[in-house]
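Peer 1: kindly return the folded structure for what I paste below:
(one chain, ligands or ions: 1)
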Amino acid sequence: MTPQHIELVKNTVPVLRENGVALTSYFYKRMLGNNPDLKNVFNLDHQSTGRQPRALAAAVLAYAEHIENPSVLAKAVEHIATKHVSLDIQPDQYSIVGENLLHSISEVLNVPMESDLIAAWKEAYLQLADILINAEKAKYDGLAAQTGGWAGWREFEIAAIETTDAGKKITLKPTDAQAVPEGQTGQYISVKVQVPNHNIQQPQQFTFTDAQSSSEYQIEVKPEKDHTEYSVANILLDNYKVGDKVQVTAPLKG
Ligand code: HEM
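Peer 2: Take a look at the predicted model:
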């Protein structure tokens, strides 16, 4: 990036941050409206609470602020890349997010898409996307190289359900009956379910409370109090039974 582009980006961070809610709500509405397939990727329960919508744009703004020294954000990049890999985010999806984010910035700052300012933001976004895509590629390769490992989604079957004080303990076995990596306490997997009465799937992370075996995983599922019809925990508790199938990503350390 040229020094002039860096200045342009940095000078607009405060205004965008001040208008953070407008930026993120416009961004998600535009992106999910134009790409309804992404409703299977983003957790719609989180969208309604506003938790996730703020996180993505906030991370882009934080990156822009430190654009001359992005290593400051190494920990954040590691955290985001891990989360993305647990959701099977792919490089081609970055251009969709980028295009919608740039349109949203143009809208909130009231500058045309063809302006120098948006060109500068585009460079900043591409730089960050590149860092994340590379970090994610390394993680996908690492997951696939493990004994029993895999990258992306794998089909599992509910092998047992046990009622506990807090909810249910659900045992998940891969339907290919092959080995899985031994999950460690504190690692998490994503579980993707079918939302009843909607043509939509939804993912959610579950953290292991115990060490796992090389043949199955056990997750503790607790009901969520303030939730929408898209809450994966509540869908699992209310609608899923032994023999039903879900999609699962390999264990990762958060
Ligand atoms: C430079 C681009 C991006 C940045 C800076 C970014 C940043 C973030 C951040 C900060 C989080 C929250 C992590 C947490 O839960 O603590 C997140 C989560 C997530 N991101 Fe990204 N992201 C980017 C691109 C993408 C792309 C291309 C996709 C796929 C279309 C994507 C999909 C997701 C999803 C599905 C979540 C989990 C949200 C949820 O449902 O709770 N992100 N991202």
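
Peer 1: near the ligand, which residues of the stretch 51-200 of the chain show up?
Peer 2: 52, 55-56, 59-60, 80, 83-84, 87, 89, 93-94, 97, 128-129, 132 (CB under 6 Å from any ligand atom). No exception for glycine: its C-beta is placed from N, CA and C like everyone else's.

Peer 1: was I right to think Val180 contacts Gln218?
Peer 2: No - judged on CB atoms under 8 Å, Val180 makes no contact with Gln218 at a distance of 11.9 Å.

Peer 1: these two: which is more packed in?
Peer 2: Val180 (26 against 18; other CB atoms under 10 Å).

Peer 1: okay, how far is it across stretch 108-124, tip to tip?
Peer 2: The first residue of stretch 108-124 is 17 Å away from its last residue (CA to CA, to the nearest Å).

Peer 1: now for Ile161, how many residues are close by?
Peer 2: Neighbour number of Ile161 under other CB under 10 Å is 16.

Peer 1: I figured it hits Asp244, correct?
Peer 2: No - taking contacts as CB under 8 Å, Ile161 lies outside contact range of Asp244: 9.8 Å.

Peer 1: for the ligand, what is the nearest residue in the protein?
Peer 2: Asn43 (3.1 Å; CB to the nearest ligand atom).

Peer 1: separation between that residue and Trp150?
Peer 2: 22 Å (CB to CB, to the nearest Å).

Peer 1: which residue packs closest to Tyr63, ignoring adjacent ones?
Peer 2: Leu128 (4.7 Å; CB to CB, 6 or more residues apart in numbering).
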